[in-house]
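Student: A structural model of the following input is requested.
(chains A and B)
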Amino acid sequence: MLVCYAQELKGDFFPYVPSVLEKLIIPGLKFYFHDGVRSASAKCLPALVESAKLANPHDLSIPNSIFRTVIDALLLRIEEEGSPEICSEFYEAFYESIDIAGDNCLSAQDMNKFIEVTASQLRDYGTRKTQRDEQVASGDRDIEEDEDVQEAIDADEVLLSAISKSIHNIFKRHKFSFLPIWAKMTPYVEAGLASSEANTRSWSICIIDDVIEYCGGDALPFIGAYLQPIVRNVTDDCILDSYPILILAPEIRQAAAYGVGVAAHKGGPQFAQFCAMALQPLFQCIARPDAREEDHVYATENACAAIAKIIHFNASQIPNIEGVIGSWLDTLPIVNDEEEAPHAYNILMDLVERYVI
Amino acid sequence: MTSQIPKVFNAVAAAIEFGSIEGKTLARTVQVTKKLLATLPAGEAQRLFTAMPPERQVAVAEKFE
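Tutor: Numbering: from 1, shown residues only, chains lettered A, B, ... in the order given. Down below sits the predicted model:
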């Protein structure tokens, strides 16, 4: 009920925010007798931050104080939380609150603490996954039949997603100032890139995509080592015989192709060589016999849009650009991906205006 | 690029049929493609249009009218 009140009344709920936060919600986050209480308490936090912000447009000290209480509480709870399901709820409250609070809302100390607690959660995830893999390998558990195993896998997928959305929003709100701090978690990103699990690998690639998107050319010294792996993941060249699961993982190709497009669009001249290097694998991705099938079409259309962005934004290292444009036209249309289609068609119209009309 | 006009028109028509572009992008795409088709010899644009599947013709006609 409090979540609804805060969400619906917005700024009008503010008179109750300080006391609700202090007396109900913060204690509710560690009400270990009932997970529903902890979950509902977490869901309430972004609405309280928003209420404080809307009610005090001219005195930022008040919403800042509420936000400070929320962030301190969430980072502490994430640090101590053992349940991936509840931890996901805490991360969700964290990234939504950051987005509401706005640019530069976190201190360097907050960001360092976030990396510290997230590294701890990722280590716990690694332990759970290793245990599951060992139980499945020994025949103690059946990954397909055992509902507990499936639920545990699903819970970890939600947790990884919530962590990547948190990283996304921190970069969105802090840009380059988060980059040197984020760099402390690169061992986990590298482990994900090397993972045989499609979900984990695409998780790492999506995080690298965010780094490029929000830090542009400044990202290169921090993620340069991962560019070659990203290009390999645009095609199936990343597949080893021991990793057959990746053959069925178009989401990896989609994340990698999207990343090349982001590098072309946002990376500037620092990424021009990378864009040139990625062209042939992108065309290779689109030329697959199954490229337009339902499971693969988003990867294909992301590759098509990435080529468009290279042509438009980052073609300085491409010698035969007119030949590339001609080949790119053969990769159209984009009919499924409504996020990428506008980019590609606007670039197509720019080309038409430049070369024909 | 002129020889690529049929490819451009088909790609635009498919996006219109499936609704993958809308708003300002759709309006601009239709406007620029109309100008592009006007550079073709007489009757060529109509020939490209009638070669499309019927559902696509309906969607394109609605936006290009």
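
Student: could you pull up the residues touching residue A:81?
Tutor: Residues in contact with residue A:81 (CB atoms under 8 Å, 6 or more residues apart in numbering or on different chains) are A:87, A:90, A:121. Quick note: C-beta positions are derived from backbone N, CA and C, even for glycine.

Student: output the contacting helices and strands for the helix or strand bottoming out on mean pLDDT in chain A.
Tutor: Here the helix or strand of chain A ranked lowest by mean pLDDT, DSSP states H and E is helix A:2-9, holding a mean of 87. If you count contacts as 3 or more CB pairs under 8 Å, 6 or more residues apart in numbering or on different chains; DSSP states H and E, helix A:2-9 packs onto helix A:17-20, helix A:35-55.

Student: what's in contact with that helix?
Tutor: Residues contacting helix A:2-9 (CB under 8 Å, 6+ apart): A:13, A:16-17, A:20, A:24-25, A:40, A:43-44, A:47-48, A:50-51.

Student: tell me the buried residues in it?
Tutor: A:2-3, A:5-7, A:9 (16 or more other CB atoms under 10 Å in any protein chain shown).

Student: repeat for stretch A:68-87
Tutor: Neighbour counts over stretch A:68-87 (16+ other CB under 10 Å) mark A:69-71, A:73-79, A:81, A:84-87 as buried.

Student: pLDDT weak spots in chain B?
Tutor: Judged against pLDDT under 70, the low-scoring parts of chain B cover residues B:1-2.

Student: got the residues of it near chain A?
Tutor: Neighbours of chain A within chain B, by CB under 8 Å from any CB of the partner chain: B:1-2, B:4-5, B:7-8, B:10-12, B:14-15, B:17-21, B:25, B:28-29, B:32-33, B:35-36, B:39.

Student: list buried residues within the residues you listed.
Tutor: Buried among the residues of chain B next to chain A (16+ other CB under 10 Å): B:1, B:4-5, B:7-8, B:10-12, B:14-15, B:17-18, B:20-21, B:25, B:28-29, B:32-33, B:36.

Student: pLDDT below threshold where in the stretch 51-200 of chain A?
Tutor: For the stretch 51-200 of chain A, counting by pLDDT under 70, not a single residue falls below.

Student: for chain B, give me its nearest residue in it.
Tutor: Taking CB to the nearest CB, chain B has its nearest neighbour within the stretch 51-200 of chain A at residue A:172, 23.5 Å off.

Student: and for that residue, the neighbour number?
Tutor: 16 (other CB atoms under 10 Å in any protein chain shown).

Student: same question, the one 4 residues further on
Tutor: Residue A:176 sits with 14 neighbouring residues when counted by other CB under 10 Å.

Student: follow-up on the earlier one: what is the nearest of the contacts of residue A:81 to residue A:198?
Tutor: Residue A:198 lies nearest to residue A:121 out of those, by CB to CB, at 20.6 Å.

Student: what's near enough to touch the nearest residue to the closest one once chain neighbours are set aside?
Tutor: Among residues not flanking residue A:121 along the chain, residue A:87 sits closest, at 6.3 Å (CB to CB, 6 or more residues apart in numbering or on different chains). By CB under 8 Å, 6+ apart, the residues touching residue A:87 are A:78, A:81, A:121, A:159, A:162.
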